[in-house]
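S.K.: the sequence and its predicted three-dimensional model are supplied below.
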Amino acid sequence: MNPTFDELKFYTQAVFQAVGVSEQDASNSAEVLATTDAMGVFTHGTKLLSGYIRKLQGGGYRSNASPVIEREGPGWAIVDGQSALGQVGSQFCIDLAMDKAATVGVAYIGLRNTGHIGAAGFYTQKAARQGFIAMVTGNDIPSVAAPGSKGPVLGSNPIAYGVPVPGREPINLDIATAAVAGGKVYAAHQRGEVIPNNWLIDSDGNPTNDGSLYPANASLAPMAGHKGYGFGLWCEILSGALPGGQMRWDVGSWMFDPTDQPSWHNAGFMVMDTKVIADAEDYSQRMNKLVDEIHEVETADGVERVILPGEREWANVAQSLETGINLPADVRSKLLETLELTDLRPNWLG
């Protein structure tokens, strides 16, 4: 049985509250995870819940912490996440960025000392739905090789952007700057699948399709070679260097470090208010013209039309709202680890 969006969100919120997270923070964090699953991005949805719970129970993530603005100006701020859930810090920061940009047009918020933020694209689409062009970056413990390296140099640092298209769903891109997110390597290996040979670089600097080597004896390959390496460095700068957060090996592993240890993740949030910068009618006409022209380009045999970033995810959301969220077996298995935390026994989980 597939859970509805509300069922999955309510259960996730209840689990967070069971370990001391406030009702509002639990609701905000559950919204991120359930929406990510509804979008079909199962590596970054409720599959992460049990790991977050262990970190909260161990004290590495603080259930009662609230983000604190350390310094700020009209169009910027530096926020200490206080080792709260990354979803808590990120929801706070994207809202703060929108508030500031609504006044001055453009805003940057740097978030340091937070937990793993989950899917960066959740925050960009949230802003885009309110009329803001948004970019979100994050950093992580090194797991990605650079061209020519034998070992990891940077994290699989995410970069996402969202763009409002009046009258339509937003354009929304969310990618790791690695060839693939580490979670996809874990998921494929757990399912017994042979991974493509352009996902990993072994300890000698050569491509490998052996998923069991990651992360101890292999690094993720950078997306598009030197191009992905360059964007990964950009994420490191906006997320870690600029706001004064931890970088590279000073960032922890939220999955493998002791549960009482913070993970010291960081993120950057940049937004532009189209309502301030552009004429509303002109912006709407231009964006819709752009989308229409891309949809109308000639396509290869068997391809209905060229799609824009986010369109596949919005189709998944529509399907999830109609038939429930079709959680894969590996997600359900991880959710089973949380059953003892609450009196809820959802029939969709088994």
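M.R.: In hand now; what should we look at? Remember, predicted model here, so these are calculated numbers, not experimental data. Residues are numbered from 1 along each chain as shown.
S.K.: pLDDT wise, what is Gly151 at?
M.R.: At Gly151, the pLDDT value in this model is 88.
S.K.: no wait, Gln190
M.R.: On the pLDDT scale, Gln190 gets 82.
S.K.: is it true that it touches Pro328?
M.R.: No - in this structure, Gln190 is not within contact of Pro328 by CB atoms under 8 Å, at 10.3 Å. All C-beta atoms are positioned from the backbone trio N, CA, C, and that covers glycine.
S.K.: shared neighbours of these two, anything?
M.R.: Counting by CB atoms under 8 Å, 6 or more residues apart in numbering, Gln190 and Pro328 have no contacts in common.
S.K.: for Asn277, give me phi and psi.
M.R.: Slight slip there: residue 277 is Ile, not Asn. Backbone torsions of Ile277, given as degrees, to the nearest 10, read phi -80, psi -40.
S.K.: now it: how far from Pro67?
M.R.: Distance from Ile277 to Pro67, counting by CB to CB, to the nearest Å: 27 Å.
S.K.: which of the two has more neighbours?
M.R.: Pro67 (21 against 12; other CB atoms under 10 Å).
S.K.: please name the residues that touch the closest residue in space to the more buried one that isn't next to it in sequence.
M.R.: Nearest residue to Pro67, sequence neighbours excluded (CB to CB, 6 or more residues apart in numbering): Phe92, at 4.4 Å. Counting by CB under 8 Å, 6+ apart, Phe92 touches 66-67, 79.
S.K.: go through stretch 22-36 and flag the buried ones.
M.R.: Within stretch 22-36, the residues that count as buried by 16 or more other CB atoms under 10 Å are 25-36.
S.K.: identify the farthest-apart pair in the residues you listed.
M.R.: Greatest spatial distance in the buried residues of stretch 22-36: Asp25 and Thr36, 17.0 Å, computed using CB to CB.
S.K.: all helices of the stretch 1-150 of the chain, in order?
M.R.: In the stretch 1-150 of the chain, the helices defined using DSSP state H, counting those that start in this stretch lie at 5-18, 23-38, 49-58, 86-104, 120-128.
S.K.: a markdown table for those, including distance to Met247?
M.R.: Listed next are the helices of the stretch 1-150 of the chain as a markdown table, based on distance: least, CB to CB, whole Å:
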| stretch | distance to Met247 |
| --- | --- |
| helix 5-18 | 29 |
| helix 23-38 | 24 |
| helix 49-58 | 21 |
| helix 86-104 | 17 |
| helix 120-128 | 18 |
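S.K.: ranking these by burial, who's on top?
M.R.: helix 120-128 (a mean of 27; mean count of other CB atoms under 10 Å).
S.K.: pLDDT averaged over it - what is it?
M.R.: Averaging pLDDT along helix 120-128 yields 97.
S.K.: angle of it against helix 86-104?
M.R.: 30 degrees (axes from the mean of the first three to the mean of the last three CA atoms, to 10 degrees).
S.K.: where does the protein dip in pLDDT?
M.R.: Under the criterion pLDDT under 70, no range of the chain is flagged.
S.K.: nearest residue to the middle of it?
M.R.: The chain has Ala119 as the residue nearest its centroid, 1.5 Å off, counting by CA atoms, centre = their mean.
S.K.: any idea how far that one lies from Ala176?
M.R.: Counting by CB to CB, the gap from Ala119 to Ala176 is 11 Å.
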